[in-house]
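1. Provide a 3D model corresponding to the input given below.
(2 chains)
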Amino acid sequence: MAAGDSTVLHLSSQTTGLTARVHPLVIFNVCDSYVRRPDQAVRVIGTLLGSVLADGTVEIRNCYAVPHNESSGQIALDVEYHHNMLLSHQKVNPKEVIVGWYSTCFGVTSGSVLFHEFYSREVSNPVHLTVDTGFSNGQASIKAYVAINLSLGDRQLAAQFQEIPLDLRMVEAERVGFDILKKQSVDKLPSDLEGMEASMERLLALIDDVYKYVDDVVEGRAPTNNNIGRFIADAVASIPKMTPSAFDKLVNDGIQDQLLLLYLSSITRTQLSLAEKLNTAAQIL
Amino acid sequence: MANQTTAAAAVARSFLQAASSEDVVPPLRVVQIEGLAILKIIKHCKDLSPSLVTGQLLGLDVGSVLEVTNCFPFPMREEDDEVEAEGANYQLEMMRCLREVNVDNNTVGWYQSTLFGSYQTVELIETFMNYQENIRRCVCIIYDPSRSNQGVLALKALKLSDSFMDLHRNNTFTGEKLREKNLSWVDIFEEIPIKVSNSSLISAFMTDLEADLPVTQCDFDRLQFSSSPFVERNMEFLIECMDDMSAEQQKFQFYYRNLSRQQAQQQAWIQKRRAENMARKAAGEEPLPEEDPLNPIFKPIPEPSRLDSFLITNQIANYCNQVNGVAGQNFNRLYLMKALQDD
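-> Numbering: from 1, shown residues only, chains lettered A, B, ... in the order given. Presented below is the predicted three-dimensional model:
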């Protein structure tokens, strides 16, 4: 390819190497603002807040909707609102900066280019997130794009929206409640013991699966796979080998520690009820 | 005709009845939170932990259900006088902006994060009273990020009980009043069950997006064995609280001792007066009054407020509950380990 040849369309073919990570809060927020949009609006536009990590990954942590107007070819965005919300959010968490913008429609439309230009004035290389609330493909699709400039020689022709890999990431505490958040309505929050029960059930299911797989392989029903075999062997071998007496002692010590804790807390509670009776029931006069 | 008029009269009466019974508020039974609000609360408390943060809850008050549909965090406040106005401005600004995107603009309470469950303080009660003056029903949501590391979603909705609020308004916490109302330390806060609701769009999205993993990271966290740092901190707090509690009890003992000493003094003085009066009567003079309000031994000693001890008691109970919960979990883990080893 001749360099500097003005008749060849110069596409920057290198991938940007950018990936985006989205916290589920952002998706919840987007869906919520879509549900609450004013009646005449077809889609919702908003700003994405987050941070850019050292390796170039864009982490999208928060977002807010911005009122906009899209009527008969005219596009208007409420810039003042956008700035006000940005300032308010930064008062709470000054580390979150604008990293892009979102819109709730499938794919990139012509109007989006103008919005994208506006956001690229705020931050270099903004990420454009589309959340398909219409489920046009029959499934939920969330895509992230960055704009690459197409240039013909020295002139800027257009901006190509190139998709970048997106990763839906969750923090621990959110994972804990994730089952709750998935359903439409849950009647009560699970207590800690119920959570333990669920975890152990899942572990049991996993162990059963592994058992069945090993049985299948031994009987020849499933193809052997050395890697999986090695993994299973490693997992089983990672149970520490101890003499049964030493292990029993360990477990008993643990149990006794826990019993001690329970005893202490029960004694404290008894003491509390006694003290309360004495305090309020005592009457000298 | 008569039927119609009586029917109309009946309708009119029932309307009047409805209008007059509007003041009766159905008791709050359940708090319904949207997943969005929960996620926001978790994120905010976790980002800024270990410092304690607060925020405002927005939603609707419908019958016996308090719906929380959105929330926004408050910025960290340094102890500065001029920041007070800024804080109020921030709140107004946020409410206005949220109103523009059709979010419910109605404050229904506030949330705060806590460390190891140590949230029962006098400030909490005061904030409650402040809120209660403006809003008919408000709730406080407490989130504990340290407990969530143990694999539990530690979210609680609290409300002050009505009897306690009445007492607080009169600002009397003496033993008599409390016995009258039969109020003990469990009655200060009422915990309200939480229900989670999500719009269908979100549930559709989440079910679609979430890879169907048989085991999630939170299971790994739950089955992990090292809960000792958490238990240690909990016990430390518990011990501190017990110290506070014993200080309070000493205060009471001191008060009672003073009271009984004062009574003894009063008796002695009255005896002396009576003796004097006998002598005077014998001498034919006017008897002196039996009471002397100017004498300092008749001054009533103020009884110390029991509010602090109640709060401390509540706190201790909370810690005990937490320790119980963790101990229960640890038992499970220990038995699990034992079973694995036997295989």
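
2. quick one: the helices in chain B?
-> With DSSP state H as the criterion, chain B has helices at B:2-20, B:35-47, B:82-100, B:122-134, B:145-148, B:162-170, B:175-181, B:200-209, B:217-223, B:228-283, B:307-342.

3. Does anything pack onto the last one? Which helices or strands?
-> In this structure, helix B:307-342 makes packing contacts with helix A:192-219, helix A:244-281, helix B:122-134, helix B:217-223, helix B:228-283, judged by 3 or more CB pairs under 8 Å, 6 or more residues apart in numbering or on different chains; DSSP states H and E. All C-beta spots, glycine's among them, are computed from the backbone N, C-alpha and C.

4. per-residue confidence averaged over the first one?
-> The one in question is helix A:192-219. Per-residue pLDDT over helix A:192-219 has a mean of 76.

5. again, but for stretch B:282-293
-> Per-residue scores along stretch B:282-293 average to 71.

6. before we move on, what about stretch B:140-160?
-> Regarding stretch B:140-160, the rounded mean pLDDT is 73.

7. since we're on A:Asp253, how many residues are nearby?
-> By other CB atoms under 10 Å in any protein chain shown, 11 other residues sit near A:Asp253.

8. Let me see the confidence value for it.
-> Listed pLDDT for A:Asp253 reads 80.

9. Could you list the residues of the stretch 1-150 of chain B in contact with chain A?
-> Counting by CB under 8 Å from any CB of the partner chain, the positions of the stretch 1-150 of chain B adjacent to chain A are B:34-36, B:38-40, B:42-44, B:46-48, B:70, B:73-76, B:90, B:93-94, B:97, B:100-103, B:145, B:148-150.

10. re the thing from before, and the helices and strands packed on helix B:307-342, which one's lowest on average pLDDT?
-> Mean pLDDT per stretch puts helix B:217-223 lowest among these, at a mean of 58.

11. coming back round to it: any idea which of the helices of chain B gets closest to A:Leu86?
-> Closest approach to A:Leu86 among the helices of chain B (CB to CB): helix B:82-100, 10.4 Å.

12. in its sheet, what does whichever strand or helix holds A:Cys63 sit against?
-> Element membership for A:Cys63 (DSSP states H and E) is strand A:58-66. Applying DSSP bridges, strand A:58-66 is found paired with strand A:20-22 (parallel), strand A:45-52 (antiparallel).

13. So for the last one, mean pLDDT?
-> To tie it back to what came earlier, the one meant is strand A:45-52. For strand A:45-52, the mean pLDDT works out to 85.

14. Touching it from outside, list them.
-> Contact with strand A:45-52 is made by A:26, A:29-30, A:33, A:58-66, A:68, A:77, A:82, A:85-86, A:89, A:95-103, A:115, A:119, A:127, A:129, as judged by CB atoms under 8 Å, 6 or more residues apart in numbering or on different chains.

15. ditto for stretch A:83-100
-> By CB under 8 Å, 6+ apart, the residues outside stretch A:83-100 that reach it are A:47-52, A:58-62, A:64, A:66, A:119, A:122-123, A:126-129, A:144, B:44, B:47-48, B:73-76, B:90, B:93-94, B:97.

16. Return the residues of the stretch 1-150 of chain A in contact with chain B.
-> Contacts of the stretch 1-150 of chain A with chain B, taken as CB under 8 Å from any CB, map to A:23-25, A:27-29, A:31-38, A:61-62, A:64-65, A:67, A:78, A:81, A:84-85, A:88, A:91-93, A:133, A:135, A:139-140, A:142.

17. Mind giving me the ChimeraX select for these, buried ones only?
-> Here is the ChimeraX selection string for the buried members of the residues of the stretch 1-150 of chain A next to chain B, based on 16 or more other CB atoms under 10 Å in any protein chain shown:
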select /A:23,24,25,27,28,29,31,32,33,34,36,37,61,62,64,65,67,78,81,84,85,88,91,92,93,133,140,142
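
18. wait, B:Lys43 sits on A:Leu25?
-> Yes: contact criterion CB atoms under 8 Å: B:Lys43 and A:Leu25 qualify, at 5.6 Å.

19. Would you mind measuring from the nearest residue to A:Val58 once chain neighbours are set aside to A:Cys31?
-> Ranked by CB to CB, 6 or more residues apart in numbering or on different chains and with sequence neighbours excluded, the top spatial neighbour of A:Val58 is A:Ala20, at 4.7 Å. Separation of A:Ala20 from A:Cys31 (CB to CB, to the nearest Å): 18 Å.

20. Also B:Tyr119?
-> Per CB to CB, B:Tyr119 is found 32 Å from A:Cys31.

21. Deepest-packed of the helices and strands packed on helix B:307-342, please.
-> Neighbour counts (mean count of other CB atoms under 10 Å in any protein chain shown) averaged over each of these peak at helix B:217-223, with a mean of 20.

22. Strands of the stretch 51-200 of chain A, residue ranges please.
-> Taking DSSP state E, counting those that start in this stretch, the strands of the stretch 51-200 of chain A run over residues A:58-66, A:68-71, A:74-77, A:97-103, A:127-131, A:142-152, A:155-164, A:166-168, A:185-186.

23. May I see those strands organised as a markdown table, with mean pLDDT added?
-> Putting the strands of the stretch 51-200 of chain A into a markdown table (pLDDT from 0 to 100) gives the following:
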| stretch | mean pLDDT |
| --- | --- |
| strand A:58-66 | 84 |
| strand A:68-71 | 74 |
| strand A:74-77 | 75 |
| strand A:97-103 | 85 |
| strand A:127-131 | 80 |
| strand A:142-152 | 72 |
| strand A:155-164 | 68 |
| strand A:166-168 | 71 |
| strand A:185-186 | 55 |
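
24. JSON lines for those strands, including distance to B:Arg137?
-> Listed next are the strands of the stretch 51-200 of chain A as JSON lines, based on distance: least, CB to CB, whole Å:
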{"stretch": "strand A:58-66", "distance to B:Arg137": "28"}
{"stretch": "strand A:68-71", "distance to B:Arg137": "36"}
{"stretch": "strand A:74-77", "distance to B:Arg137": "38"}
{"stretch": "strand A:97-103", "distance to B:Arg137": "35"}
{"stretch": "strand A:127-131", "distance to B:Arg137": "35"}
{"stretch": "strand A:142-152", "distance to B:Arg137": "37"}
{"stretch": "strand A:155-164", "distance to B:Arg137": "47"}
{"stretch": "strand A:166-168", "distance to B:Arg137": "37"}
{"stretch": "strand A:185-186", "distance to B:Arg137": "21"}
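
25. isn't A:Arg37 right next to A:Val30, touching?
-> No: between A:Arg37 and A:Val30 there is no contact under CB under 8 Å: 10.8 Å.

26. how far is stretch A:105-118 from where the chain is centred?
-> Taking the mean of its C-alpha atoms, stretch A:105-118 sits 24 Å from the chain's own mean (CA atoms, centre = their mean, to the nearest Å).

27. Outside of that stretch itself, list whatever touches it.
-> Stretch A:105-118 has contacts (CB under 8 Å, 6+ apart) with A:42-43, A:45, A:68, A:70, A:75, A:77, A:101, A:103, A:126, A:128, A:130, A:132-134, A:136-137, A:141, A:145, A:147, A:159, A:161.

28. pLDDT averaged over it - what is it?
-> Here the average pLDDT along stretch A:105-118 is 73.

29. Dump that stretch to CSV, restricted to CA.
-> The C-alpha trace of stretch A:105-118 is given here as CSV (Å, rounded to 0.1, in the frame of the first residue of the first chain):
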residue,chain,number,x,y,z
CYS,A,105,-31.2,1.9,20.8
PHE,A,106,-30.0,-0.9,18.7
GLY,A,107,-26.9,0.0,16.7
VAL,A,108,-25.5,3.4,15.9
THR,A,109,-27.7,5.9,14.1
SER,A,110,-26.8,9.1,12.3
GLY,A,111,-27.9,11.2,15.2
SER,A,112,-25.4,9.5,17.4
VAL,A,113,-22.5,11.0,15.5
LEU,A,114,-23.3,14.4,16.7
PHE,A,115,-23.7,13.3,20.2
HIS,A,116,-20.4,11.5,20.0
GLU,A,117,-18.7,14.7,18.7
PHE,A,118,-20.1,16.6,21.6
